[in-house]
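Student: Dropping the sequence and predicted coords here.
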Amino acid sequence: MKALFGTDGIRGEAGRFPLDAPTVSVIGFSLAQHLAETVSKPVIIIGRDTRESGEWIERSFIDGASRAGAECHSAGVITTPGVALLTRRLQANAGVVISASHNPYQDNGIKVFAPSGEKIDDSLERLIEADVAKGNTDFESREPRVSSAADLETKLRDQYLAFLKEEIGRDLSLKGLTIVVDCANGASTAFAPSLFEALGARVIAINASPDGRNINLNSGSLHIESLMDAVSKEKADLGVAFDGDADRSLFVAEDGSFVDGDATLWVLANYLRSHEQLNNDTVVATVMSNIGLEIALRAAGIKLVRTDVGDKYVLDELLRLGASLGGEQSGHIILPSVSLAGDGMITALFLLRALREAGKTLKQMTAGFERYPQTLLNVRVREKRPFDQLPSVQAEVRAVEERLSHKGRLLLRYSGTERLARVMIEGERQNEIEEYARRIAASIERELGRSESS
């Protein structure tokens, strides 16, 4: 059976394998059963985003987990990092989030956190996958042990909001700031506007009316244009956009310009360093972060370490190096000193604190970071042979890398889901890197297949 867990849990179309009700129950039963090998009565914190499928998937999961003896505490609609925080704070044995993050409402997913607030390890994922492969849904009938009363849900959500406001936002005054908040009609709707208002900001909330089907719809971090328009129209000081489960955030400066995860890492790296909190003068990012970030950090005496795409890999490297800041261009930022899960609202609070302390605007704070032009070509291939086994491709690669020198970057990788080779090049001049990419794509096409522009 194909692996169910990717870098961000299980994800797929709600109602279809593996997110059909019987399979979800097996997943819940399997997790609880394996947790019960080390603790007599596992406690699981569970939450969901605003998708219409969230409630029945949560019920199916709880049904399976409770039949294996687990006690489930539902926080209802809450962010992914909120569940991670509650799992750690309440010393639960696992935290489960029913969410497909930035995907459309038809999809959903299951993310599982360990007591530390990290994603569960690969070995437990493989055990759950093996149980699903057996297809056993013949559970012993047992009354579900779930605490999902409205007052408990409110208590759990309030605890997360208090953490954001009283610990992360302590002594931070946003008085005088106008902030546009794009909630993506997702889990941040009940948290972000009230959080920033409580800290003194004037908040204009958009896409904050979830109906079960409009999560991420032309809104949030994947559709930043509406936020850019709103910031300009309202003459706001800045805007912040979350995705459906609020584990990432992207920003818009006061002039309406876009501030992505790379620019956010630049601002936060300088802020942490000024407070002697940037451990080893190192920032962790992925292979997709723009070469402009690497060049800017290098000029400031800060090292950039790259990982494969996925917050899971970023966190692994952060912990291995003992580094204090990492993230992705998509806005998924991790600050291990406060949370091992990316949290869009924590990112926003750290960024706002940096702005307030410096007395500068977001546009001014991003000065020194220049995003280099980028081009991406896809090549449809017959097979995914290692690139170092393709002499003509390697010859083109060497020639391009020599021309790019230290002012550009070339990345070749295969898609994880399709028969595609991806050619990504960054450099100082758009027309040049496009020509370089076409040459390499043509070489791959001659060896393995045909190309298509992306």
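Tutor: Thanks, I have it.
Student: A230 is in contact with I206, correct?
Tutor: Yes - counting by CB atoms under 8 Å, A230 is a contact partner of I206 at 5.6 Å. All C-beta spots, glycine's among them, are computed from the backbone N, C-alpha and C.
Student: which neighbours do these two share?
Tutor: Residues touching both I206 and A230 (CB atoms under 8 Å, 6 or more residues apart in numbering) are 180, 182.
Student: is it true that V24 lies in a helix?
Tutor: Yes - secondary structure of V24, determined by DSSP: H, G, I helix; E, B strand; the rest coil: located in a helix.
Student: What count of nearby residues applies to the residue nearest to it when sequence neighbours are not counted?
Tutor: Setting aside the residues directly before and after it, V24 is nearest to S60 in space (CB to CB, 6 or more residues apart in numbering), at 4.0 Å. Residues near S60, counting by other CB atoms under 10 Å, number 21.
Student: A helix includes S60, no?
Tutor: Yes - assessed with three-state DSSP, S60 lies in a helix.
Student: Next, find the distance separating the spatially most central residue of the chain from L351.
Tutor: Nearest residue to the geometric centre of the chain (CA atoms, centre = their mean): H332, 4.2 Å. Here the criterion is CB to CB, to the nearest Å. By it, H332 lies 14 Å from L351.
Student: Low-confidence regions, the stretch 301-450 of the chain specifically.
Tutor: The stretch 301-450 of the chain contains residues with pLDDT under 70 at 417, 450.
Student: What separation do you get for the residue nearest to V24 and C72?
Tutor: Using CB to CB, S60 is found at 12 Å from C72.
Student: so where's the stretch 1-150 of the chain uncertain?
Tutor: 1, 136-150.
Student: the helices in it, which residues?
Tutor: 21-35, 54-67, 80-89, 122-134, 150-162 (DSSP state H, counting those that start in this stretch).
Student: most tightly surrounded among these?
Tutor: Comparing those by mean neighbour count (mean count of other CB atoms under 10 Å), helix 80-89 comes out on top with a mean of 26.
Student: What helices and strands are in contact with it?
Tutor: Counting contacts by 3 or more CB pairs under 8 Å, 6 or more residues apart in numbering; DSSP states H and E, helix 80-89 packs against strand 43-48, strand 71-77, strand 94-98, strand 107-113, helix 150-162, helix 344-358.
Student: And those: which comes nearest I10?
Tutor: strand 107-113 (4.5 Å; CB to CB).
Student: Output the contacting helices and strands for the closest one.
Tutor: So strand 107-113, by 3+ CB pairs under 8 Å, 6+ apart, packs with strand 9-13, helix 21-35, helix 54-67, helix 80-89, strand 94-98.
Student: Which of these sits closest to A184?
Tutor: helix 80-89 (12.8 Å).
Student: How is L268 assigned, secondary-structure-wise?
Tutor: Per three-state DSSP, L268 ends up helix.
Student: Next up, the contacts around it.
Tutor: L268 neighbours (CB under 8 Å, 6+ apart): 325, 333, 335, 347, 350-351, 354.
Student: Swap in 10 Å and give it another go.
Tutor: 277-278, 283, 324-325, 327, 333, 335, 347, 350-351, 353-354, 365 (CB atoms under 10 Å, 6 or more residues apart in numbering).
Student: any idea how far K233 is from D182?
Tutor: 13 Å.
Student: Which neighbours do those two have in common?
Tutor: Joint contacts of D182 and K233 (CB under 10 Å, 6+ apart) are I204.
Student: what about those two, which has more around it?
Tutor: D182 (31 against 11).
Student: Backbone dihedrals for that one, both of them.
Tutor: phi -100, psi 110 (degrees, to the nearest 10).
Student: Same question for V283.
Tutor: When quoted as degrees, to the nearest 10, the phi and psi of V283 stand at phi -120, psi 140.
Student: For burial, what's the neighbour tally of it?
Tutor: With other CB under 10 Å as criterion, V283 counts 28.
Student: The one 4 residues further on now?
Tutor: Other residues lying near V287 total 13 when counted by other CB under 10 Å.
Student: who's in contact with V283?
Tutor: Contacts of V283 (CB under 10 Å, 6+ apart): 265-266, 268-269, 272-273, 289, 293-294, 297, 302-306, 318, 323-327.
Student: Among the residues you listed, which lie within helices?
Tutor: Per DSSP state H, helices hold the following members of those: 265-266, 268-269, 272-273, 293-294, 297, 318.
Student: and those residues, which are buried?
Tutor: 265-266, 268-269, 272-273, 293-294, 297, 318 (16 or more other CB atoms under 10 Å).
Student: Going by distance to S25, which of these wins?
Tutor: For those, the nearest to S25 is L318 (34.6 Å; CB to CB).
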